[in-house]
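Asker: structure, please.
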Amino acid sequence: MSEEEYEESKKSLYRELTEARQEQEKQWQEREETIAKREKQYGEAKEKVEAFEKELEDKIKQGQEKGRSIGYYQVKVKSDLRQKEIEGARSNYKLQIESLLQTIRNQEERIQTLSKQLDATQKQVQDLAVKAIEGTSNRNSYQAMKDIAMEQAKNQQKGK
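Answerer: Below is the predicted model of the structure:
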C-alpha cells in the first residue's frame, strides 16, 4: 500500500468515522429531543395528576358541605313540621278544654235553674197542701191538688 492509498484510506475512514459520528450525534440529538418531549409530557401529566388530586379533594369537601347543608335543611324542615304539628295538637286540646268547660258551665247553670224550679215547686206544693188542709175539705180539690203535685214531681224528675 502506498502512502497515497494509505492517505486515501485514512481520509475515507475519517469521513466514515465523521459521518458515523454525525449520524450518532444526530441519533443522540433525536433521542434527547424525544426524552425532552417525554419529560415535558411527564411533567404536564404530573401537574395534571396533582391538580386532579387537589380538585378531587376540593370536590369531596364541596360534596360533604353540600350534603351537610342538605341534611341540616331536611332536619330543620322536619323540626319545623313537628313543631307545627305540636302547636296544632295543643290548639286542638285547648279548644276541647274550652268546649268542656263551657259544657260544665252550661250544666251548672241548668242545675241551678232546675234547683230554683224545684224550690218553687216545693213551695207551691206546700202552699197547696196548707190550703187543702185549711180551706177545703172537698175531696175533688184535694184530688186536683194531689194530681198537680204529682204532675210537678214527675216534671222535676224528668228535668233531672
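Asker: tell me the SS of the residue nearest the centre of the chain?
Answerer: By C-alpha atoms, centre = their mean, the mean C-alpha position of the chain lies nearest to residue 78, the distance being 1.6 Å. Here residue 78 is recorded as helix under DSSP: H, G, I helix; E, B strand; the rest coil.
Asker: separation between it and residue 154?
Answerer: 62 Å (C-beta to C-beta, to the nearest Å). To be clear about C-beta, it is placed using only N, CA and C from the backbone, and glycine gets the same treatment.
Asker: next one: residue 46
Answerer: For residue 46, the distance to residue 154 equals 110 Å [C-beta to C-beta].
Asker: repeat that for residue 74.
Answerer: Taking C-beta to C-beta, one finds residue 74 at 68 Å from residue 154.
Asker: just name the shakiest helix or strand of this structure by mean pLDDT.
Answerer: Here the helix or strand of the chain ranked lowest by mean pLDDT, DSSP states H and E is helix 139-159, holding a mean of 72.
Asker: what segments of the protein are helices?
Answerer: Ranges of helices within the chain are 3-134, 139-159, based on DSSP state H.
Asker: now the longest one, how far from the centre of its chain.
Answerer: I take that to be helix 3-134. 12 Å (C-alpha atoms, centre = their mean, to the nearest Å).
Asker: does anything pack onto that helix? Which helices or strands?
Answerer: Judged by 3 or more C-beta pairs under 8 Å, 6 or more residues apart in numbering; DSSP states H and E, helix 3-134 is in contact with helix 139-159.
Asker: circling back: ok, of the helices of the chain, where does mean pLDDT dip lowest?
Answerer: Among those, helix 139-159 has the lowest mean pLDDT, at a mean of 72.
Asker: still on that earlier bit, what's the distance between the residue nearest to the centre of the chain and residue 108?
Answerer: To residue 108, residue 78 is 45 Å away according to C-beta to C-beta.
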